[in-house]
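J.: make a model of this:
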Amino acid sequence: MADYISAKELSKIWGITPARIATMCANNQLEGASKIKGRWMIPTDTVRPNGKTKNFIGENSDANFRFIDLFAGIGGFHQAMRFLGGKCVMAAEINQACVTTYNLNFKTLEGRVRGDVKKIDPTTISEFDVLCAGFPCQPFSKAGLQQGFNDKTRGNLFYSIMDILDAHNECKFVVLENVRNLADKSENWEVIRTELLKREFIITKEPLILSPSDFGIPQIRERVYILGIKKDECSVEIQEKGYIEPEDLNINTYRKKCKIGDALTLLEENVSDDYRITAEQNLMIQAWDEFRIGTGIKIIGFPIWISCFGVNIENTEELKTFLGYDEMPNWKKRFVDKNRAFYLTHKNFIDPWLDKYDMLNRIKLYQKFEWNCGEDVQYMHDGIIQIRQSGIRVKRNTYFPSLVAIVNTPIIWDNQMAAYRHITPREAANLQNFDQRYKFSGTDKQIYRQLGNSVNVRVLKILCKGLFELRLKDDVHIKNTEIDD
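T.: Prediction:
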């Protein structure tokens, strides 16, 4: 009886990823391979295949298809496409810090990353099968002016993508990603739909809005995905419908709900003390934990604002005049009323607490507190904490809030170091499902920003696997690719 070796062990011998070996097993390329307790086991005497397969455009290659990576960032698309058997023909990214990181991890057929997409002559790009683009989100983001396609600088980059498609009729798939807000205005979607239809692409019926948390990945991060396949490449049924439905992509196979504690499964061990929070931050977290316990309230259904307590103000109407109550929107009036009533009810505990931690002299963000855990979390160190301009916010450890490009990294309690700390860049990469071997460059601040601007790799694997399997031709070799949890 033959001895067996795991895909992970074999990957070190062959110098390729465990995922690629799993794909070979699923495609029956490794004789005698079998799945035991969910893991691929391969006979130790297995000879590595030469990997030569027929790609989408019908040439002999060591890749199943070719793709271009526009607005490439640090390579989220690249990782997903490579997992599915793709080879990058060309990448373009204008941010040089991102380019440095990209070059540490990937190579293109051109051997370099091009710059500004608007300055690229589409005719100089080699043939490709898949166009990937996480085009700039500022025209649609809540953080910007939300001008959409009226933005004459970034908004029109979408048309640069269309120019490239016009020069490359051989392209069979488009995979675009953007912020959730792109779908808020129907005119934005109509522009995208119309332009891709002009180029004979069938796309999803509606904007596909998904978060990693939809697939059991503990991060809330809604994004819009726009997937398209050339009309003459897909089934008659889809051609007749004229659009792709989520069911066509087999998305539901991978759906999974997150549960309490899932966020903590992505944490690393033996983390450097460099990631500890400051002494003042630690003191303020301690203070608010004491506040919540001392007031005896398990559920706080509104944000706590010390400025609305009315400390040393006997008359509530006097406080309202001081705060400009009459000019406030109704939602803010409700919060003022609730905070004042809360303070008067718990005044005997709150007044000494304010003095103990000198809270009235703290910066404003330390004077605000949000408890978004209900009764599911008993103590602060069991939750996920963010220190924001809106105050100290505590959430359940079911999933992390969305990574964002600005530096506002979540805080967790590290049992091993017995201290609060920020999540590390590697943990942020785990939230984006970046390969464990991925290399980063630059400062932590730059890395957090790069990951905040990136795409979730596993979500792309799921979507693109479903999209590619819509192709009727018999030279698609990703059909049995397994996407691990």
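J.: which residues touch stretch 256-263?
T.: 213-218, 376, 384, 396-400, 485 (CB atoms under 8 Å, 6 or more residues apart in numbering). Using the backbone N, CA and C atoms, a C-beta is placed for each residue, glycine as well.
J.: how long is that stretch from one end to the other?
T.: For stretch 256-263, the first-to-last residue distance is 14 Å (CA to CA, to the nearest Å).
J.: among the contacts of stretch 256-263, which two are most distant?
T.: Asp376 and Asp485 (23.5 Å; CB to CB).
J.: and these two? Which one has more around it.
T.: Between Asp376 and Asp485, counted using other CB atoms under 10 Å, the more crowded position is Asp376 (13 against 9).
J.: from memory Cys306 sits against Asn361, does it?
T.: Heads up, residue 306 is Ile, not Cys. No: here Ile306 lies out of contact with Asn361, judged by CB atoms under 8 Å, at a distance of 10.9 Å.
J.: of those two, who's got more company?
T.: Ile306 (21 against 9).
J.: what's the separation between the nearest residue to that one once chain neighbours are set aside and Gly75?
T.: Take Ile306 and drop its neighbours on the chain: the residue closest to it by CB to CB, 6 or more residues apart in numbering is Gln367, 4.1 Å away. In this view, Gln367 and Gly75 are 41 Å apart by CB to CB, to the nearest Å.
J.: which of the two has more neighbours?
T.: Gly75 (29 against 20).
J.: in what helix or strand does Thr42 lie?
T.: That one is not Thr; residue 42 is Ile. strand 39-43 (DSSP states H and E).
J.: I'd like the average pLDDT over that strand.
T.: The pLDDT scores in strand 39-43 average 86.
J.: that one: how far from the chain's middle?
T.: Here the centre of strand 39-43 is set off from its chain's centre by 31 Å, with CA atoms, centre = their mean, to the nearest Å.
J.: one more: stretch 360-374?
T.: 27 Å.
J.: now the end-to-end length of it.
T.: Start-to-end, stretch 360-374 (CA to CA) is 27 Å.
J.: and that stretch, what's buried?
T.: 362, 366-373 (16 or more other CB atoms under 10 Å).
J.: let me know the average pLDDT across it.
T.: 91.
J.: show me what that stretch is in contact with.
T.: The contact list for stretch 360-374, computed with CB under 8 Å, 6+ apart, reads 284, 288, 291-292, 298-300, 303-307, 311, 354, 359, 383, 387-396.
J.: what's the answer for stretch 303-318, then?
T.: Residues contacting stretch 303-318 (CB under 8 Å, 6+ apart): 291, 319, 322-323, 335-336, 339-340, 342-343, 350-351, 354, 359-360, 364, 367-371, 390-391.
J.: what mean pLDDT does that stretch get?
T.: Stretch 303-318 comes out at a mean pLDDT of 91.
J.: which of the residues in that stretch are buried?
T.: For stretch 303-318, using 16+ other CB under 10 Å, the buried residues are 303-306, 308-310, 313.
J.: repeat for stretch 23-43
T.: Neighbour count says stretch 23-43 has 23-27, 29-30, 33, 40-43 buried, by 16+ other CB under 10 Å.
J.: quick check, nearest of the residues you listed to Val174?
T.: Nearest member of the buried residues of stretch 23-43 to Val174, counting by CB to CB, is Thr23, at 23.4 Å.
J.: that's a helix at that closest one, yeah?
T.: Yes: checked against DSSP: H, G, I helix; E, B strand; the rest coil, Thr23 lies within a helix.
J.: that one and Ile68: what is the separation?
T.: On the measure of CB to CB, Thr23 and Ile68 end up 22 Å apart.
J.: most neighbours among the contacts of stretch 256-263, which one is it?
T.: Phe400 (29 neighbours).
J.: so it makes contact with Gly383?
T.: No: Phe400 lies out of contact with Gly383 (CB under 8 Å); the separation is 11.2 Å.
J.: neighbours of the residue nearest to Thr295 when sequence neighbours are not counted, how many?
T.: Excluding the flanking residues, the one nearest Thr295 by CB to CB, 6+ apart is His346, at 4.7 Å. Applying other CB under 10 Å, we find 17 residues neighbouring His346.
J.: ok, the one 4 residues further on next?
T.: Counted with other CB under 10 Å, the burial measure for Ile350 works out to 21 neighbours.
J.: contacting residues around it?
T.: Per CB under 8 Å, 6+ apart, neighbours of Ile350: 291, 295, 309, 343.
J.: run the chain-centre distance for the helix or strand encompassing Phe67.
T.: In this assignment (DSSP H and E), Phe67 forms part of strand 65-70. Between the centre of strand 65-70 and the centre of its host chain there is 20 Å, according to CA atoms, centre = their mean.
J.: neighbouring strands of it in the sheet, and parallel or not?
T.: Partners of strand 65-70 in the sheet, by DSSP bridges, are strand 86-92 (parallel), strand 130-133 (parallel).
J.: got the CA positions of the strand holding Ile42 in CSV?
T.: Extracted in CSV, the C-alpha atoms of strand 39-43 (Å, rounded to 0.1, in the frame of the first residue of the first chain):
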residue,chain,number,x,y,z
ARG,A,39,-8.1,16.8,3.2
TRP,A,40,-6.5,15.7,-0.1
MET,A,41,-3.9,13.0,0.4
ILE,A,42,-1.6,12.1,-2.5
PRO,A,43,0.6,9.0,-2.9
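J.: which residues touch that strand?
T.: By CB under 8 Å, 6+ apart, the residues outside strand 39-43 that reach it are 2-7, 10, 21-22, 25, 30-35.
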